[in-house]
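Visitor: What shape does this take:
(chains A and B)
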Amino acid sequence: MRKIDDIFPSLKLVPAIIIATIFAIVLELSGSWVTMLIAGILGSLFTRTSKRAFLVGFVGVAIAWTLLFAYLSFSASALEIADFFIGLLGLSGMGILVIVISVLLGALLGGFGGLLGRNAVQLIDEALHEPAKESAPQQQTT
Amino acid sequence: MKKRIISFCLSLVGPAVLIVLLTMPIGPLAGGLGIIQPIGGIFDVGFGARNPAAQTVKLPGLTAQVDVIIDQWGIPHIYGDTAEDAYMALGYLHAKDRLFQMVLQNYLASGRISEIVGSRGVSSDKFYRTIGLARSAQNTLDWCIAHQANPDIAYSLSVVDAEVQGVNAFIDSMSSAMTPIEFKILGFTPVHWTRLDIFIWSEMMAWGLSGGFEDFYRQWVRETIDNDTMYDELFPDVMPFDVPIVPEQTNLSLATYPDAPGGKPATPNPEGLVSQTMVDKAIIPNEKLDALMAVIEDVIRPFEEEMLGSNNWAVSGLRSATGEPILANDPHLGLQAPSLWYEAHIVVPGEIDVTGVTLPGLPGVILGHTAHIAWGFTNVGADVLDVFVEQLNPANSSTYMYNGQYRAFQVVDETIRVKGGSDVPFDVKISVHGPLIDSVVDTYGLDSDTGSNIAMNWTGSDVSTALLAISKLNRANDLQGYYDALYWWDSPPQNIIYADDAGNIAITVCGRFPIRSGYTGEYPVTALNDSIGMVSNIPYALIPRSVNPSQGYLQSANQKSIDFGSYGFKLLGPFDDGYRGRRIDHLLATNNNVTVDDMKQYQADSLEVRAEEIVPYVTYAWVSAGDVNTSIEQAVNWLDDWDYVMDTDIVAPTFWMYLRDAIHYEILDEVRSIDSALPLSRTPIIEKIIKDNNAYYLDDHTTNGTVETRNQILVRALHRALNDMIGDFGNDPANWVYGVHHRVFVDHLADFTYIGGGPHRGQNTLNAAGGWRVTHGPSWRMVADLSNIQMSYGVIPAGQSGNLFSPHWDDLFDLWYAFDEATQQYGYNLLYFYNTAEAFRAADTTNTMIERTVTFVP
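Guide: Residues are numbered from 1 along each chain as shown, chains lettered A, B, ... in the order given. Predicted structure coming up:
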């Protein structure tokens, strides 16, 4: 059985971010913010370090949500809705802040998803392909 | 490997923290921060605010296609083949435009608001569970089912079912874009609508308009003053100077209409039935009374009318420029967004052609016109709720004395479910008179000697057939149809004005008015047997009614219904101050050529009759006094130059507001010296004291050895008013201008936002706008021209849509609010009235009348 990291190539940062962005846009259309974790995980498949995986998920989802908000501002009164929402918290006229916070939260979801994905890949790859190394010393001690 | 496992576990922390953060309720945002994602959260509603030019919607249960034209104001014109089909479409549209409002209002009425807002709603829920609107609604529904052999009742039930089906079809198809943003913020998912929900909201309408606890208020004032003569002089239910609603009584045939409205028992000759011996008032301890009044004060009442009331009037052909009747109506209720009302036009060929305002969730036009008749409501304000203090068994407070024996209270389990919390157990006890309302006060019932014992006997608690009346009125086309429909209008009592294209005008003070035996109904009493209580009702045939009076016009503004001296029955008030009634009576009596434009001007009329009647005495007092004071001189100049219109760009109306309070204060030292919390009577009483030059009340009894004159007291009031105004608003005259402080706010139902906020004309005037922050007023303005029904007008103070981001959220408010100085009118939308969709389309030659279409298909 091949390692996961052997299946998905390691890409440079920009292509990996683009992939994460595409996944984030498609998954967000489902209407569930939890899927941004999945977008980050999928983006992390094309990286090899935790730092890079976080960055790909974070930036990829941030770009995706920024693009979606840009579209929503033109087509569905997003700024007006954001102004209304922030008004509930007593901060009238600062609707853009809602969008910034939203993008930040989405980016964090993507980033942590990337981190989770990378660590999961490394754990799985190691668990499936290096069992002997891990189990031998344990047997010696008993 | 171990390191990998630790790294993996650590990488789970971030997502876990974020998931908690995004789902955790934050203050009012019970839906959590996750709702601010771009898709699937609050931003979707922006799409929901936009509608395609032509839409086809599948509506299971329809028998045939229903065509709906949505006009430029978002008002649906529904063309169906059957009533059921048309009302199913109406139900769908109600839900599409107002689902949050419908759910919130119904949960409030049924005592379930805690299921939406959490523990903040528990005290409100206890109150509504206690008064039992949901129990009454269930009784009404059960009665309708039991009597559905009657074709009218069967018809009503069928349109109720159609409305429910339509609402549920929308709920079932509701996408994220169509889900009201309020549900997303509150984290609430609506469930299916039921038949019962329809009746619950109808009960809420009855409660809001006829459910006041006037008995408590009367007892508190009377006991605090402790002077019956003074109480009777200063706090009567009927005000001096007012013009009764019914100028000439018209009775109907008792043979045709033997019962009271709603088919309730009636007595044409109550003398033999009523006990002439009056039981004593039952004194409720002040502590308990205060606690109860505080709870009642706190409860949200969507239909609450302040003392401002409502207006309706009609002129016959004798007084109209067209030679045919013209009718006007503007019911004054709490201004809310979305509006209480939803405009709609419903057409079923050969059966229904009716337009006007509906209540979202109810199948029928409550106020409006058909092809041949028009009608409108004002509240009667009659006291139809009595308080009975049950005599508890000293050995067992769960029983009470009635008809010579102790009876057990019925106990109803009304456990309250609380969102995010545990259930709150709550029992409601019910006596033969009604539910014990003091169960809402937590401090009682703890020891067996002081258990709950104050029962509420309200006519609205009984089965109500008001929906049946509406369904008949919507299909009426002549005076007989009006009589037949109103026979079923039992609650809440309304002054229902009428005009038709056959030249008739009429008004009926309509509702179930109880005949009381052994007590007056004004104060709490203890009724130990069935000879004391509401023993019967005034027959429908004999309730106050006027048809085609010789004066050529009819008007009502919540004042006394009829000259009670010449009327054989008693209606208990309190009735309105009567100033609006006096004003419209004057305007109509002095115009023999009334036009639709005149009617619109009358609805915008902002002349303060109170000021017109009292201010001349004040300015005369100042001139007579001959004092020198430039500040007061300036204030008197404002009054001298004033035409008594409460305009927004002058100071005189502001000063009048302070002057009125000051006059009450200076004259009624007799009341305020007893208890500063007591109300200082009502302005018509003050007007009478001034006009009669009543030496007793005009004298300030707190000044020993000095007798003050009317002029001295009124000059003192001038000083007090100016000092108070400067104390509140400072020395800058620019800040004294009326419109700086008198502003209108149409608050969102959940207080998320508001519409308006600008300067507003009026006060206690025909254009009702009481207080400084105006939150009550005309909830619907309508002028119906019976000479050409297609040229009739209406407007609501918000918009058709409950979606805050829809162009129809507040577009009608802009009309309602904009006062045209040139025409002296507010704006209206023309009530497009075409009896086929084809005729409507053909009339829209400019492509401005029709916004879009919806086709409902089976």
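Visitor: Just give me how far whichever helix in chain B runs longest sits from the chain centre.
Guide: In chain B, assigned by DSSP state H, the helix with the most residues is helix B:83-109. Taking the mean of its C-alpha atoms, helix B:83-109 sits 19 Å from the chain's own mean (CA atoms, centre = their mean, to the nearest Å).
Visitor: Please see if it touches chain A.
Guide: No. Residues of helix B:83-109 are not located near chain A by CB under 8 Å from any CB of the partner chain, the shortest gap being 14.1 Å. Where you see a C-beta, it was placed from the backbone N, CA and C, and this is true even at glycine.
Visitor: Quick one: residues in contact with the helix or strand that comes right after that helix.
Guide: With elements assigned by DSSP states H and E, the helix or strand that comes after helix B:83-109 is helix B:114-117. Outside helix B:114-117, the residues within contact range by CB atoms under 8 Å, 6 or more residues apart in numbering or on different chains are B:103-104, B:107, B:120-122, B:124-125, B:186, B:188, B:416-419, B:421, B:424.
Visitor: again, 10 Å this time
Guide: B:28, B:30, B:100, B:103-104, B:107-108, B:120-126, B:182-183, B:186-188, B:190-191, B:416-421, B:423-424, B:750 (CB atoms under 10 Å, 6 or more residues apart in numbering or on different chains).
Visitor: what pLDDT, on average, does it get?
Guide: Helix B:114-117 shows a mean pLDDT of 92.
Visitor: Could you give the separation of it from the chain centroid?
Guide: On CA atoms, centre = their mean, the centre of helix B:114-117 falls 24 Å from the chain's centre.
Visitor: cool, stretch B:560-580 as well?
Guide: That offset, for stretch B:560-580, works out to 20 Å (CA atoms, centre = their mean).
Visitor: and if you look at stretch B:464-475?
Guide: 19 Å.
Visitor: One more: stretch B:241-252?
Guide: 23 Å.
Visitor: for stretch A:92-104, same thing?
Guide: That offset, for stretch A:92-104, works out to 20 Å (CA atoms, centre = their mean).
Visitor: Same question for it: list its buried residues.
Guide: A:95, A:98-99, A:102-103 (16 or more other CB atoms under 10 Å in any protein chain shown).
Visitor: which residues of the chain score low on pLDDT?
Guide: You didn't pick a chain, so chain A it is. Low-confidence segments of chain A (pLDDT under 70): A:130-142.
Visitor: was after chain B, sorry
Guide: B:28, B:300-308, B:442-450.
Visitor: again, only this time at 50
Guide: Where chain B drops to pLDDT under 50, the residues are B:305, B:444-449.
Visitor: Can you pull the residues of the stretch 601-750 of chain B lying near chain A?
Guide: Proximity of the stretch 601-750 of chain B to chain A (CB under 10 Å from any CB of the partner chain) is limited to residues B:748, B:750.
Visitor: Let me see the ranges of the helices in the stretch 601-750 of chain B.
Guide: B:609-625, B:630-640, B:652-667, B:669-672, B:683-691, B:695-698, B:710-729, B:738-741 (DSSP state H, counting those that start in this stretch).
Visitor: Reformat those helices into CSV and put mean neighbour count next to each item.
Guide: Conversion of the helices of the stretch 601-750 of chain B to CSV gives the following (neighbours: other CB atoms under 10 Å in any protein chain shown):
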stretch, mean neighbour count
helix B:609-625, 19
helix B:630-640, 15
helix B:652-667, 23
helix B:669-672, 20
helix B:683-691, 20
helix B:695-698, 17
helix B:710-729, 19
helix B:738-741, 19
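Visitor: can I get the ones you listed in TSV with distance to residue B:86?
Guide: Shown next, in TSV, are the helices of the stretch 601-750 of chain B (distance: least, CB to CB, whole Å):
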stretch	distance to residue B:86
helix B:609-625	44
helix B:630-640	55
helix B:652-667	47
helix B:669-672	56
helix B:683-691	46
helix B:695-698	59
helix B:710-729	53
helix B:738-741	44
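Visitor: ok, residue 46 - contacts?
Guide: I went with chain A, as the question did not name one. A:5, A:8-13, A:15-20, A:52-53, A:56.
Visitor: Wait, chain B was what I had in mind.
Guide: A:72-73, A:75-81, B:177, B:181, B:803, B:805-806.
Visitor: if you set the cut-off to 6 Å instead, what comes out?
Guide: A:76-77, A:81, B:805 (CB atoms under 6 Å, 6 or more residues apart in numbering or on different chains).
Visitor: Now go through the residues you listed and say which are in helices.
Guide: residue A:81.
Visitor: For ChimeraX, what selects the buried ones among the contacts of helix B:114-117?
Guide: Typed into ChimeraX, the line below selects the buried ones among the contacts of helix B:114-117, using 16+ other CB under 10 Å:
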select /B:28,30,100,103,104,107,108,121,122,124,125,126,182,183,186,187,188,190,416,418,419,750
